[in-house]
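Undergrad: Output the structure for:
(3 chains)
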Amino acid sequence: MFFLLRRLPDGDVELTRYERGASGRLEAAGVDVIPAADLPGRVAALEREASPRWVWDDTPRWYPRLLDAGVTVARCVDLRLVHAILRRSTAAPGFPVGGAAPGPWDVPQAVPGESDGLFEVVPDSLPDPAAEFLAQRDAVEASPTRGRLELLVAAESTGALIAAEMRHRGIPWSPRVHDELLTAALGPRPTPGERPARMRDALDEVRQALEAPDLNPDSPAELIRALNRAGVLVQSTRQWELQRHEHPAIEPLLRYKKMQRLLVANGWAWLDAWVHGGRFRPDYVPGGVVTGRWATSGGGALQLPRAVRGAVVADPGWKLVVADASQLEPRILTGLSGDRSMARAGSGDLYEGIVASGAVATRAEAKVAMLGAMYGATQGESGRLVPRLARRFPDAMALVESAARTGEAGGVVDTLLGRSSPRPSDDPAASGGAGAGALPPEMGVRPADRDARSWGRFTRNFVVQGTAAEWALCWMGALRRRLHERWGAGVPAPHFVFFLHDEVVVHAPAAAADEVAALVAESAVEAGRLLFGDAPVTFPVTVAVVDDYSQAK
DNA sequence: CACTGATGCGCG
DNA sequence: AAAGCGCGCATCAGTG
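TA: Okay, the predicted model is just below:
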């Protein structure tokens, strides 16, 4: 049963129940207006009694306050996220009605309610959620691939719940361990404006070796000039280019750059800004990437370097259950293409299986070739190996080739569940002619062709990356349901604390950790079945029960 | 001074 | 060894 929530101008909340009428269409079947303060209690009561699906404009506008009041919900429809999917989807051709121009429903997510002293700053709600909801339902029910589209909008919405719940709980983070890691890597925390001791040492060596006592190592232009003066003929200061040169300045310079990166991205300032009360609370942005992957804003949560993962420490008496899906994208490609040979290769370690097939000689080659196939590599070792893969796995290769050709011709490609790629004209970078801007111009290739090929690589990857994102949403959704069935939503229950494309971290009471690990694996099987039915493709996960994140893998 | 684009590097 | 997808963020360098 659907319950739609809408905020009224006076601050009260309107709650509308929807049921199927005689025609089979959803109809409003009861309206209630309640004071905002009563909402958490009402939601909790209905959760117990009515198995509701909450319909609201935008999860960050509603759910954080329910969570603050100790209320969790099992299911929702996030109208804004679903709108974004349907607007582009070839599986929902009639949406929005009349092909309306982008409007308020097409804006990015609301900022989560920021507390401003006594008052919470809540952005306006989006207009007429009831009409939007019914239009969306019509579009989904009319879809020629309704089942898949239903799964996608449900999974996307559940993702929004998980994102809000993870932000609410936060990642358990030890400032003490973080400080120890930084001190070991960089030296003790310096006074503001100073460089840590080990960075100063490395910089002294660089300046000496380059005979540049005043060198600012953080200015690429200045660094290139100094290196050139010393006979190191580089055109950039990228690691891999520097590594190719033999000079006493190179080793300390690379060491310095490594430390500088850690300091500015995840140093003490980051710790002060982002970790409070032993928790790191990034702002997750479900659907923030065109392919359907999540993005984050603030704190760089999806780029946590391995060097600081030791600071993610389970609470006393708790464990972290860290799980990642092995070789997810190649397996997604296997399922999408129905490639029997690749399915056989994936019965164990997929890359070893590719070696066993005779396509390539080593596991490393198998990996490079596979990535090259999915990304559209044409040059270098990767580009060389792709044809060898194509001979052994023609069906898989045909699928990505077809997606690439569609994109080159300006067409739209779709994920398995029905997320469609943008058109090249929608892409701000493409209209500016940037395209493959950073690459050197390919001799004799017209810019238009270059842009077309670049877009083909995007659509080639879109189907795989996007379907992998759908698998991951289904995996998380299945696991969340299992956790709630087994433990409810009470405070000492296992809960998600982190998600990273193909990896989840669950914070669990130590006594429950092994059981959680089993549910993680079960959920992966369920996700595979939801997307690919009985097709011969498997999704093994590696699970580790650890005290801190660095102990996994 | 504020803004924008390029650079470089962290993650999958 | 280094070219091939998707991101976010800090910093520098150039422009308005």
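Undergrad: From DNA strand B, how far out is the most centrally placed residue in chain A?
TA: Nearest residue to the geometric centre of chain A (C-alpha atoms, centre = their mean): A:Trp294, 3.2 Å. Using C-beta to the nearest atom of the strand, to the nearest Å, one obtains 11 Å as the distance from A:Trp294 to DNA strand B. In this view, the C-beta of every residue, glycine as well, is placed from N, C-alpha and C.
Undergrad: Is that residue in contact with A:Ala160, as I believe?
TA: No. Contact criterion C-beta atoms under 8 Å: A:Trp294 and A:Ala160 do not qualify, at 10.0 Å.
Undergrad: shared neighbours of the two, anything?
TA: Common contact partners of A:Trp294 and A:Ala160 (C-beta atoms under 8 Å, 6 or more residues apart in numbering): A:Pro286.
Undergrad: picking that back up, can you pull the contacts of the residue nearest to the centre of chain A?
TA: Contacts of A:Trp294 (C-beta under 8 Å, 6+ apart): A:Gly159, A:Ala163, A:Tyr284, A:Val285, A:Pro286, A:Gly287, A:Gly288, A:Leu302, A:Ala469, A:Phe499, A:His501.
Undergrad: where does the stretch 251-400 of chain A dip in pLDDT?
TA: Applying pLDDT under 70 to the stretch 251-400 of chain A flags no residue at all.
Undergrad: give me the low-pLDDT residue ranges for the stretch 1-150 of chain A?
TA: For the stretch 1-150 of chain A, the ranges with pLDDT under 70 are A:111-123.
Undergrad: which parts of the stretch 351-500 of chain A sit against DNA strand C?
TA: A:364, A:368, A:371-372, A:375-383, A:436, A:439, A:454, A:457-458, A:461-462, A:465 (C-beta under 7 Å from any atom of the strand).
Undergrad: ok, now how distant is the residue nearest to the centre of chain A from A:Ser421?
TA: 18 Å (C-beta to C-beta, to the nearest Å).
Undergrad: got it, and A:Val308?
TA: From A:Val308 to A:Ser421 the distance is 35 Å (C-beta to C-beta).
Undergrad: swap in A:Gly407?
TA: 7 Å.
Undergrad: shared neighbours of these two, anything?
TA: Common neighbours of A:Gly407 and A:Ser421 (C-beta under 8 Å, 6+ apart) are A:Val413, A:Phe458, A:Thr459, A:Phe462.
Undergrad: quick one: the host helix or strand of A:Val177 near DNA strand C?
TA: If you go by DSSP states H and E, A:Val177 is part of helix A:175-186. No. Using C-beta under 7 Å from any atom of the strand, helix A:175-186 never reaches DNA strand C; the gap is at least 13.6 Å.
Undergrad: about what we covered before: sort out for me which of the contacts of A:Trp294 are in helices.
TA: A:Gly159, A:Ala163, A:Ala469 (DSSP state H).
Undergrad: Might you report the residue contacts of A:Thr16?
TA: Neighbours of A:Thr16 in contact, by C-beta under 8 Å, 6+ apart: A:Phe3, A:Leu4, A:Arg6, A:Ala28, A:Gly30, A:Val31, A:Asp32, A:Ala130.
Undergrad: Give me the secondary structure label for A:Glu246.
TA: coil (DSSP: H, G, I helix; E, B strand; the rest coil).
Undergrad: Could you measure from A:Phe462 over to DNA strand B?
TA: For A:Phe462 relative to DNA strand B (C-beta to the nearest atom of the strand), the value is 11 Å.
Undergrad: So what's the residue count around the nearest residue to that residue once chain neighbours are set aside?
TA: Excluding its sequence neighbours, the residue lying closest to A:Phe462 (C-beta to C-beta, 6 or more residues apart in numbering) is A:Ser421, at 4.7 Å. By other C-beta atoms under 10 Å, 26 other residues sit near A:Ser421.
Undergrad: Would you mind listing what in chain A touches DNA strand B?
TA: Residues of chain A lying near DNA strand B (C-beta under 7 Å from any atom of the strand): A:220, A:236-239, A:257-258, A:261, A:265, A:300, A:302-307, A:324, A:434, A:437-438, A:465, A:500-503.
Undergrad: Quick one: residues contacting A:Pro213.
TA: Here A:Pro213 is in contact with A:Arg207 (C-beta under 8 Å, 6+ apart).
Undergrad: and the stretch 201-350 of chain A, which residues reach DNA strand C?
TA: So far as C-beta under 7 Å from any atom of the strand goes, the stretch 201-350 of chain A lies against DNA strand C at A:216, A:218-222, A:240, A:244, A:264-265, A:270, A:285, A:288-291, A:293, A:295-300, A:302-303.
Undergrad: and the residue of chain A nearest DNA strand C?
TA: A:Ala377 (2.8 Å; C-beta to the nearest atom of the strand).
Undergrad: Check the secondary structure at the closest residue to that residue other than its chain neighbours for me.
TA: Closest residue in space to A:Ala377, ignoring its immediate chain neighbours: A:Gly383 at 4.6 Å, by C-beta to C-beta, 6+ apart. Recorded secondary structure, A:Gly383: helix (three-state DSSP).
Undergrad: How much space separates A:Gly383 from A:Ala325?
TA: Taking C-beta to C-beta, one finds A:Gly383 at 27 Å from A:Ala325.
Undergrad: Which other helices and strands does the host helix or strand of A:Ala226 contact?
TA: Using DSSP H and E, A:Ala226 falls within helix A:220-229. The contact analysis (3 or more C-beta pairs under 8 Å, 6 or more residues apart in numbering; DSSP states H and E) places helix A:220-229 against helix A:197-210.
Undergrad: I'd assumed A:Asp58 was in contact with A:Ala110.
TA: Yes. Using C-beta under 8 Å, A:Ala110 makes contact with A:Asp58 at a distance of 5.2 Å.
Undergrad: More neighbours: which of these two?
TA: Looking at A:Ala110 and A:Asp58 with other C-beta under 10 Å, you find the greater number of neighbours at A:Asp58, namely 22 against 18.
Undergrad: And for the more buried one, nearest residue in space, chain neighbours not counted?
TA: Nearest to A:Asp58 is A:Arg80, by C-beta to C-beta, 6+ apart, at 4.7 Å.
Undergrad: if I pick that neighbour, what's in contact with it?
TA: When contacts are taken as C-beta under 8 Å, 6+ apart, A:Arg80 is in contact with A:Asp57, A:Asp58, A:Trp105, A:Val107, A:Gln109, A:Leu126.
Undergrad: ok, how many other residues are close to the first one?
TA: Look at A:Asp57: counted by other C-beta under 10 Å, it has 27 neighbours.
Undergrad: just the fifth one next, same as before
TA: A:Gln109: 24 surrounding residues under other C-beta under 10 Å.
Undergrad: so who does it touch?
TA: A:Asp58, A:Pro60, A:Arg80, A:Val285, A:Gly288.
Undergrad: give me that answer again for 7 Å
TA: Contact analysis of A:Gln109 by C-beta atoms under 7 Å, 6 or more residues apart in numbering lists A:Asp58, A:Pro60, A:Arg80, A:Val285.
Undergrad: Mind checking which of the residues you listed are in helices?
TA: Short answer: the contacts of A:Gln109 in helices (DSSP H) are A:Pro60, A:Arg80.
Undergrad: out of the contacts of A:Gln109, who's nearest DNA strand B?
TA: Distances from DNA strand B to those, taken by C-beta to the nearest atom of the strand, are shortest for A:Val285, at 13.7 Å.
Undergrad: Would you confirm that that closest one contacts A:Gly298?
TA: No. Here A:Val285 does not reach A:Gly298: they are 9.9 Å apart, not a contact under C-beta atoms under 7 Å.
Undergrad: Those two: which is more packed in?
TA: When neighbours are counted by other C-beta under 10 Å, A:Val285 comes out ahead of the other of A:Val285 and A:Gly298, with 19 against 12.
Undergrad: who touches the closest residue to the more buried one other than its chain neighbours in this structure?
TA: In this structure, A:Val285 finds its nearest non-sequential neighbour in A:Ala295, 4.3 Å apart by C-beta to C-beta, 6+ apart. Counting by C-beta under 7 Å, 6+ apart, A:Ala295 touches A:Val285, A:Gly288, A:Val289.
Undergrad: returning to what we had before: so the residue nearest to A:Phe462 sits right up against A:Gly410, yeah?
TA: No. Applying C-beta under 7 Å as the test, A:Ser421 and A:Gly410 come out as separate, 10.9 Å apart.
Undergrad: Many thanks, we can stop here.
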